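Q: Fold the following.
(4 chains)
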Protein chains: 2
Amino acid sequence: MAANTKTRDAERTRAEILQAALEEFAAHGFGASTIRGIASRIDVSHGLIRHYYKSKESLWFAAVDFLFERLRQQVQMTYEDRKAIEKGDMDIFRDWLRSYVYYCARHPEHARIMIQESVSPNDRLKYVVREYVQQAHEDTLSLIDRMRANGDIVATGSSVSLIYIITGACQNIFALAAEADYSLGYDALTPEAIENHAEMVISVFCGAPMKDSPPVSTREKT
Amino acid sequence: MAANTKTRDAERTRAEILQAALEEFAAHGFGASTIRGIASRIDVSHGLIRHYYKSKESLWFAAVDFLFERLRQQVQMTYEDRKAIEKGDMDIFRDWLRSYVYYCARHPEHARIMIQESVSPNDRLKYVVREYVQQAHEDTLSLIDRMRANGDIVATGSSVSLIYIITGACQNIFALAAEADYSLGYDALTPEAIENHAEMVISVFCGAPMKDSPPVSTREKT
DNA sequence: TTGCTATTTATCCAATTGTATAATTATGTG
DNA sequence: CACATAATTATACAATTGGATAAATAGCAA
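A: So this is what the prediction gives:
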């Protein structure tokens, strides 16, 4: 254990820095985030962050790697589920939608960071698209096309629009949670509100959930 | 005209500053936006902006006033339209959805600014909600409730969720236009893509548009 | 022309920023 | 114990920031 205590502390510090960086980047965007602000979230000196990550930008890349790895672990569709959906098993698709809504509620910073970086073409956006978004979008696109061909989704127009309609429908209320609270006194982050939102999304895109198969997510892992 | 040349220039300068400020705030968020950056967009000294607006924050408030006034002019529902929708005229609702999609495409900075300010409760968000969002949301809420009672919208759950599902579905692809371009080579801002998105949104929330009434927006004003 | 006022620029300043380097502390090994 | 190395803090610095004030320019009325 002797040789481990130091490295374990170091690893924990690295993880804490990443988590704090994610929150800071989501809260203020890349430009307005400060290394000192991130450091103060976990009560370390700002020099320590420079010790682990050589620049503010490299910290951003590391934080995004962490973000998408977590997304992958929590909501990525398995090959079997995908095949089932392609064969018309809409309950699997409902479960996937539900798990994605849960993810959006737990991690609203994800949508926020992507929207902030999508303001204009830039190297950070280019990186995250190339490393993570592109493959996921292409997979989703072919899945949606298959579902529309099967008649499981009825809509007219490009499937690209549909991808953003579905993800926007899932994300938006959590990205704007503070607005919903101020304007309507609605706390979108209570378990009931999250569950309600998942039900609503599912009913919009898949019709009402079937009575005899109570929606239980098999993909919820945290 | 003599007395007018000066004031007209001043008014135009004020308007140019507001427009540049909107773009800057949407591009970088409030914190990362700089008065000098806004000034350089319209090639004036940063001191001039301080002359017209006494602080960066007061400039933000003025820019948001401008933003929401433009929204009101372009997509606010008339009383007559509202009554027609409440009586079940879904074509009017389809037109309204369409005009909102057009607005989101023309002014993606609107959604961006709201999301950026919704990171956490703060005075800027509080102001814009109190001045603009709250009343609009309450109106929309009661309209949606009425439509659901009429059976014109079929979904299960809180109507608050539905508000954010609809607006998210309309906005998202434009807020993430750069991502869609990088990942799928899809330019969401072409007239065809915008039209397609409007069709898709309408078909998701209202079913396919009626064949005999080609969708023509009566509310599109710019 | 001479004033007068509004518009605009030019500087100045203290605070904050990312980055860099030195100093300090803790930990494990001999 | 001493010594080496990793973890962490402290400090320094040039650049940028919002804000403030002074200076300059332009338009107009007399």
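Q: A:R72: how many residues sit nearby?
A: By the criterion of other C-beta atoms under 10 Å in any protein chain shown, A:R72 has 11 neighbours. Yep, even glycine has a C-beta here, placed from its N, CA and C like the rest.
Q: And the lengthiest helix in chain A, what's buried?
A: Determined from DSSP state H, the single longest helix within chain A is helix A:2-32. Neighbour counts over helix A:2-32 (16 or more other C-beta atoms under 10 Å in any protein chain shown) mark A:13, A:17-32 as buried.
Q: Nearest the middle, which residue of chain A would you pick?
A: A:H110 (4.6 Å; C-alpha atoms, centre = their mean).
Q: dump the residue contacts of the closest residue to that one other than its chain neighbours.
A: Closest residue in space to A:H110, ignoring its immediate chain neighbours: A:L67 at 6.0 Å, by C-beta to C-beta, 6 or more residues apart in numbering or on different chains. A:L67 makes contact with A:L22, A:H107, A:E109, A:H110, A:I113, according to C-beta atoms under 8 Å, 6 or more residues apart in numbering or on different chains.
Q: what about A:L67, distance to DNA strand C?
A: Look at A:L67 and DNA strand C: by C-beta to the nearest atom of the strand, to the nearest Å, they are 19 Å apart.
Q: roughly how far out does the strand or helix carrying that residue sit from the chain middle?
A: For A:L67, the element it lies in under DSSP states H and E is helix A:56-75. Centroid displacement of helix A:56-75 relative to its chain, using C-alpha atoms, centre = their mean, to the nearest Å, is 10 Å.
Q: how far off helix A:2-32 does it point, in degrees?
A: Helix A:56-75 runs at 100 degrees relative to helix A:2-32, counting by axes from the mean of the first three to the mean of the last three C-alpha atoms, to 10 degrees.
Q: got a pLDDT number for the residue lying closest to A:R70 once chain neighbours are set aside?
A: Excluding the flanking residues, the one nearest A:R70 by C-beta to C-beta, 6+ apart is A:H107, at 7.3 Å. pLDDT recorded at A:H107 is 94.
Q: packing partners for the longest helix of chain A?
A: Where contact means 3 or more C-beta pairs under 8 Å, 6 or more residues apart in numbering or on different chains; DSSP states H and E, helix A:2-32 is packed against helix A:35-41, helix A:46-52, helix A:56-75, helix A:108-117, helix B:2-32.
Q: got a list of contacts for the second one?
A: To tie it back to what came earlier, the one meant is helix A:46-52. Identification of contacts with helix A:46-52 by C-beta under 8 Å, 6+ apart yields A:T13, A:R14, A:I17, A:I35, A:R36, A:I38, A:A39, A:L59.
Q: Could you identify the most distant pair in the contacts of A:L67?
A: Using C-beta to C-beta, the contacts of A:L67 span at most 9.7 Å, a distance reached by A:H107 and A:I113.
Q: will you turn the contacts of helix A:46-52 into a markdown table that also has pLDDT?
A: Converted to a markdown table, the contacts of helix A:46-52 look like this (pLDDT from 0 to 100):
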| residue | pLDDT |
| --- | --- |
| A:T13 | 91 |
| A:R14 | 93 |
| A:I17 | 96 |
| A:I35 | 97 |
| A:R36 | 97 |
| A:I38 | 97 |
| A:A39 | 97 |
| A:L59 | 96 |
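Q: From one end of stretch A:36-51 to the other, what's the distance?
A: One end of stretch A:36-51 to the other measures 13 Å (C-alpha to C-alpha, to the nearest Å).
Q: how far does it sit from the chain's center?
A: 25 Å.
Q: how about it, does it reach DNA strand D?
A: Yes: using C-beta under 7 Å from any atom of the strand, stretch A:36-51 reaches DNA strand D at A:D43, A:V44, A:S45, A:H46, A:G47, A:L48, A:R50, A:H51.
Q: count of residues packed around A:A84?
A: A:A84 has 16 neighbouring residues, counting by other C-beta under 10 Å.
Q: Give the buried residues for the strand or helix carrying it.
A: Element membership for A:A84 (DSSP H and E) is helix A:79-86. By neighbour count with 16+ other C-beta under 10 Å, helix A:79-86 contains the buried residues A:D81, A:R82, A:A84, A:I85, A:E86.
Q: now stretch A:122-132
A: Buried, per 16+ other C-beta under 10 Å, within stretch A:122-132: A:R124, A:L125, A:Y127, A:V128, A:V129, A:Y132.
Q: mind listing what A:I92 touches?
A: With C-beta under 8 Å, 6+ apart, A:I92 has these contacts: A:D81, A:A84, A:I85.
Q: Tell me, what's the model's pLDDT at it?
A: Per-residue confidence (pLDDT) for A:I92: 95.
Q: Just give the nearest non-adjacent residue to it, would you?
A: Using C-beta to C-beta, 6+ apart, the closest residue to A:I92 is A:A84 (4.7 Å).
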